[in-house]
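Participant: sequence-free structure coming up:
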């Protein structure tokens, strides 16, 4: 049974609070083991003692086993652009969190025109969508072999590799795959796919070039058998593809296979299938219809399996109406439910404020902050915006829970020295914090104006309330 709390981890540690790990206490170190920012082997005393004492060594090994993820973690690519897939511990996000977001790869093929190839690779590399304080990006490029020519495929793979993104090499022909790996194996691509008909050749390639490999089979017994064969041969980095079918009974079967794999791996503790899962929404392009319809179904498939256990996906469409829903959903699903998304507290200057500009205050809950900041900026309102640390909670919740208080507002105003930046003493608070008006006035000595509940109405509110009369 995996450990789930710092207290459980703490029992395995030296409990001396020596600080050699970089943390003040062993309990703090234990908490960071749980959130995976450190590993048990980052405790120097534990490692030293394990080298001298067999019992402590066994204890260390036990802790490593108890804190390692249920699903194996596989790295695709190298350097800063490398992506981690798998590494999950739970069936349901609310039990703890999901750790490694579903990796999105977009397909190109070796018979594309050079212009189309460059255009699509550039779009994948340059895609950036700002959302709740972060830029959402795409992970990599899947290079399909449609020429069945080793030299052609090798040449195109080399061009794609120059863009610096992780790659999935898609070629069932072992000769084509070998030609590509001879050039780009050091980029650590995922090779796709080993099947019942070519698994021997792909096993040799995975071992020779030391790259992760995807195993593809619709029958789960066959998939497991192939995974065991590769694992026992020494291949550690395995991805399972249970075959994606886009419609009707086929889609139902795909869903059942994916859920079965993940539930059996975690709840059944079957390590033979405890590997990342690949789903291919690109299969929607086999459906009859025009490009918009196919892109629509591709997005539907992607959305379905982002929620249900896909660790890596291959897409085709780069149209905004297809990409933005999936990258947004992925961000939301893989946000840690234990920690609200928040921004740094402090003071923001919006649209070059002057000493006569109004002063607003909001919370550091990211969704609240970016909504308010966007509304102020787009309305052309020149102002100061105080951002209060409410531990990532919104206005109404933080007022009720005691994270938004008059005392904290006073501390923030003193820390930011807002009084030195304006020639007035007026503070505008959100409408949902109206009940704090009197307390804030008593604490700060400023006159508090209650603004609208919706920041989109601030511009209209200012027309009748600013400057104060």
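Facilitator: Nice, thanks for sending it over. Every value quoted in this text rests on a predicted model; they were computed, and no experiment measured them.

Participant: only C-alpha atoms for contact and neighbour calcs from this point on.
Facilitator: OK.

Participant: which ones are touching the most centrally placed residue in the chain?
Facilitator: In the chain, the centroid-proximal residue (C-alpha atoms, centre = their mean) is residue 101; its distance is 3.7 Å. Counting by C-alpha atoms under 8 Å, 6 or more residues apart in numbering, residue 101 touches 85, 311, 330, 331, 334.

Participant: how close does it get to residue 409?
Facilitator: Going from residue 101 to residue 409 by C-alpha to C-alpha, to the nearest Å gives 36 Å.

Participant: returning to that earlier point: which pLDDT value goes with the residue nearest to the centre of the chain?
Facilitator: Per-residue confidence at residue 101 stands at 97 (pLDDT).

Participant: repeat for residue 32
Facilitator: 88.

Participant: could you do the one 5 residues further on as well?
Facilitator: pLDDT recorded at residue 37 is 82.

Participant: what's the answer for residue 257, then?
Facilitator: Residue 257 carries a pLDDT score of 98 in this model.

Participant: can you give me the strands for the stretch 1-150 of the chain?
Facilitator: In the stretch 1-150 of the chain, strands defined by DSSP state E, counting those that start in this stretch lie at 73-76, 83-86, 103-109, 129-131, 134-136, 140-144, listed in chain order.

Participant: distance to residue 217 and mean neighbour count added to the ones you listed, as CSV?
Facilitator: Listed next are the strands of the stretch 1-150 of the chain as CSV, based on distance: least, C-alpha to C-alpha, whole Å; neighbours: other C-alpha atoms under 10 Å:
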stretch, distance to residue 217, mean neighbour count
strand 73-76, 19, 21
strand 83-86, 19, 23
strand 103-109, 20, 22
strand 129-131, 35, 13
strand 134-136, 32, 13
strand 140-144, 18, 26
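
Participant: ok, which stretches of the stretch 51-200 of the chain are helices?
Facilitator: Here the stretch 51-200 of the chain has its helices, by DSSP state H, counting those that start in this stretch, at 54-67, 114-126, 150-161, 174-184, 199-209.

Participant: looking at the ones you listed, which is nearest to residue 350?
Facilitator: Among the helices of the stretch 51-200 of the chain, helix 114-126 comes nearest to residue 350, with 27.8 Å by C-alpha to C-alpha.

Participant: buried set for the closest one?
Facilitator: Across helix 114-126, burial judged by 16 or more other C-alpha atoms under 10 Å covers 117, 120, 121, 124, 125.

Participant: what segments of the stretch 351-469 of the chain are strands?
Facilitator: 359-363, 383-388, 426-429, 447-450.

Participant: what packs against the first one?
Facilitator: Which is strand 359-363. Based on contacts counted as 3 or more C-alpha pairs under 8 Å, 6 or more residues apart in numbering; DSSP states H and E, the elements that strand 359-363 packs against are helix 366-378, strand 383-388, strand 426-429.

Participant: same question, the longest one
Facilitator: Counting contacts by 3+ C-alpha pairs under 8 Å, 6+ apart, strand 383-388 is packed against strand 346-350, strand 359-363, helix 406-416.
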